[in-house]
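S.K.: Here is a sequence together with a model predicted from it:
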Amino acid sequence: MRRLIVLIVAAAALWGGYWFIAARGLETGLRNWLATPQVGWATEYADLNVRGFPNRLDTVIEKPVVTTDSGIAWRAPFFQAMALSYKPNHVILVWPDQQTVETPFGTANITTNDMRGSIVFSASTDLALDHSNFVIDGLRAAISESGEFTAKSALFATRLAPARTNVHEIGLDASDITPPADILAQLGLGRAAPAVIEQLKLDAALGFDRPLDRFALEGTPAQINRIELKHTRVQWGDMALRANGDLDVDRAGNLDGSITLGITNWKQVLTLAVNGGLIPQRQAKQIERGLALLSANRDTLELPLNLRGGVMSLGPIPLGPAPRLRQRQ
C-alpha cells in the first residue's frame with residue numbers, strides 16, 4: 001500500500017510538472033508570437049493567461065484588437081482557446097457574444113447567440129492544419145449607415161484533401177440571411193427583393209502554395225493558387241445561382257479558368273450584378289439583349305463564365321476586367 005501511495009504521489013507530481021511546463025511554454029510562445037511584427041496585420045491585448053490545471057490548457061486573451069494595413073480592425077472583450085493538456089493539437093475556440101469590426105466603410109457591432117470553432121493540427125512541431133469546423137448561431141450585425149445584417153445559422157468546415165498536397169476542402173452552409181435594407185436599395189431591389197436569402201451553400205477546394213502551418217502567417221502569408229468549385233448554390237426568393245468549375249491563380253492574383261453558371265430569374269440577378277459594380281452600367285443593356293437571345297426569352301440560363309488574360313466573359317458576351325485576388329508579385 002505504501003508503494004502504491006508513493007507511485008500515485010510521484011505520478012501526480014510528474015503530471016503537475018508537465019502541466020506547469022506546458023502552460024508556461026504555451027503562454028510564453030503566444031506572447032512572443034503576438035508581439036512579433038507581421039506582414040499586413042498587428043495584434044494588441046490587455047492580458048493573456050493560460051489556466052486549466054490539471055487537465056486543460058485554456059488560454060484567455062483579454063481585450064484583443066487585431067488591425068490590418070487595409071484599415072480593418074476587430075475588437076472583442078475576450079477570446080478563448082481551449083485544449084486538453086494531453087491532446088494540445090485539438091483546440092476549441094470561443095468568441096464572445098459581442099464583437100466589433102471597424103472598416104473604412106463603417107463599423108459593425110456584432111452579437112451572436114453562439115460562436116465557436118474546433119481546429120485539429122497535425123501532431124508535429126509545424127502544427128499544420130488538418131481539419132476544422134466553425135458554427136455561428138443567431139448572428140446580428142448592426143452596420144453603421146447601412147442597417148442590420150442577420151443570419152439564423154452558419155456552418156463552416158475544412159479538411160486536408162486526401163492524397164493531395166496543400167489542398168483543403170471547404171464547406172459552407174448558411175441559412176435565413178437578411179441583408180440590410182440600405183444595401184438592398186443600393187442594389188436596386190428595395191421592397192421588390194425578398195427579405196431573406198434562404199440558403200447559401202458552398203462545396204469547394206482551395207490549393208495553396210505551401211502548407212497551412214504555424215509559418216503560414218509569418219512573412220508573406222500562404223497564397224491560393226487554385227480554386228475548385230464543386231457545388232455552389234444561392235437561393236434568394238425566386239432568384240437562384242448555381243456554380244461549378246475550376247480556376248488557376250497565378251502569383252499576381254490573376255484568375256484563369258471557367259465556371260459554369262446556372263441562373264434562375266437572370267434579369268433580376270443581372271440588376272444585382274450591375275448595381276453591385278460587378279458589371280459596368282454602360283454595358284448593361286447590351287448584355288441584357290445578349291442574354292435574352294441566349295435564354296430564348298426564358299427565365300433560366302446556363303452559361304460558362306470565362307476568365308482569361310485578365311478579362312471575363314459570360315458565354316460570348318464580354319463583361320470587362322476580371323476580378324483579381326490580392327497576391328504577391
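M.R.: In hand now; what should we look at?
S.K.: Please enumerate the helices of the chain.
M.R.: Remark: helices assigned in the chain by DSSP state H are 2-35, 181-186, 266-275, 284-294.
S.K.: okay if I get those as JSON lines plus mean pLDDT, mean neighbour count and distance to residue 43?
M.R.: No exception for glycine: its C-beta is placed from N, CA and C like everyone else's. Below are the helices of the chain laid out as JSON lines (pLDDT from 0 to 100; neighbours: other CB atoms under 10 Å; distance: least, CB to CB, whole Å):
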{"stretch": "helix 2-35", "mean pLDDT": "72", "mean neighbour count": "12", "distance to residue 43": "5"}
{"stretch": "helix 181-186", "mean pLDDT": "73", "mean neighbour count": "16", "distance to residue 43": "30"}
{"stretch": "helix 266-275", "mean pLDDT": "83", "mean neighbour count": "19", "distance to residue 43": "36"}
{"stretch": "helix 284-294", "mean pLDDT": "86", "mean neighbour count": "14", "distance to residue 43": "44"}
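S.K.: possible to save those as JSON lines with distance to residue 201?
M.R.: Output for the helices of the chain, formatted as JSON lines (distance: least, CB to CB, whole Å):
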{"stretch": "helix 2-35", "distance to residue 201": "35"}
{"stretch": "helix 181-186", "distance to residue 201": "21"}
{"stretch": "helix 266-275", "distance to residue 201": "17"}
{"stretch": "helix 284-294", "distance to residue 201": "24"}
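S.K.: Quick one: closest of those to residue 221.
M.R.: helix 2-35 (14.5 Å; CB to CB).
S.K.: need the contact list for residue 203.
M.R.: 169, 170, 171, 229, 230, 231, 232 (CB atoms under 8 Å, 6 or more residues apart in numbering).
S.K.: Any of the residues you listed buried? List them.
M.R.: 169, 170, 171, 229, 232 (16 or more other CB atoms under 10 Å).
S.K.: hang on, the third one packs against residue 154?
M.R.: No - Residue 171 is beyond contact range of residue 154, at 11.2 Å (criterion: CB atoms under 8 Å).
S.K.: can you tell me how far residue 276 sits from residue 156?
M.R.: 23 Å (CB to CB, to the nearest Å).
S.K.: Could you point out which residue ranges in the stretch 1-150 of the chain have low pLDDT?
M.R.: 1-16, 18 (pLDDT under 70).
S.K.: Many thanks, I have nothing further to ask.
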